[in-house]
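just to be clear, the model below is a prediction. Sequence and coordinates:
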Amino acid sequence: MTGLAGLLRTGGLGAAAPGVHYRDVVARWGGPDAFASEAPDPVYCLYGDLELGFTGGGRLWHLQVESDGGVVSLPSAPGRRRREPVPAFDRTVAALAEDGYRITECAPFDPEEVWHRVDRSGVLFRWDAEGGPMRIHSTAVEL
């Protein structure tokens, strides 16, 4: 399973799986489009709508996809991006449940903001409103 559906189920996206080394991601997808950093946060590599966070030792510990529209841009090959439609929230939850994934509500960042957690993968996701921003976070607990 690939794309957003695979990310929700496994916590990884193609070449980017928790624990993979930076050089392996670059070998598969090429260099990032850009880098972003906000003190005291670490530096993130940006590939379209995908942000990747690496440890000081070069291991992937965080993946994040954010989109404020109906489509996300995800890496597919060096210098190439594919556009994937953002599925409806209800359809996403139903597909996960049908595949045996339990979804629970949580408030990991702000008590006023409800997220959903895929229990098997630990991935957090949120759609702000029908057709509104979509956010997916996958963070490794241990590397």
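It's in. Numbering: from 1, shown residues only.

from the chain's centre, how far out does the helix or strand bottoming out on mean pLDDT in the chain sit?
When the helices and strands of the chain are scored by mean pLDDT, DSSP states H and E, strand 34-36 comes last with a mean of 86. Mean-position distance between strand 34-36 and its chain equals 16 Å (CA atoms, centre = their mean, to the nearest Å).

same question for stretch 62-70.
7 Å.

for Val93, which non-adjacent residue is closest in space?
Ile103 (5.7 Å; CB to CB, 6 or more residues apart in numbering). Backbone N, C-alpha and C define where each C-beta goes, glycine included.

what do you get for Thr10?
For Thr10, the spatially nearest residue (CB to CB, 6+ apart) is Ser121, at 5.7 Å.

kindly report the same for Arg23.
Gly58 (6.9 Å).

likewise Tyr47?
Per CB to CB, 6+ apart, closest to Tyr47 is Pro75, 4.1 Å.
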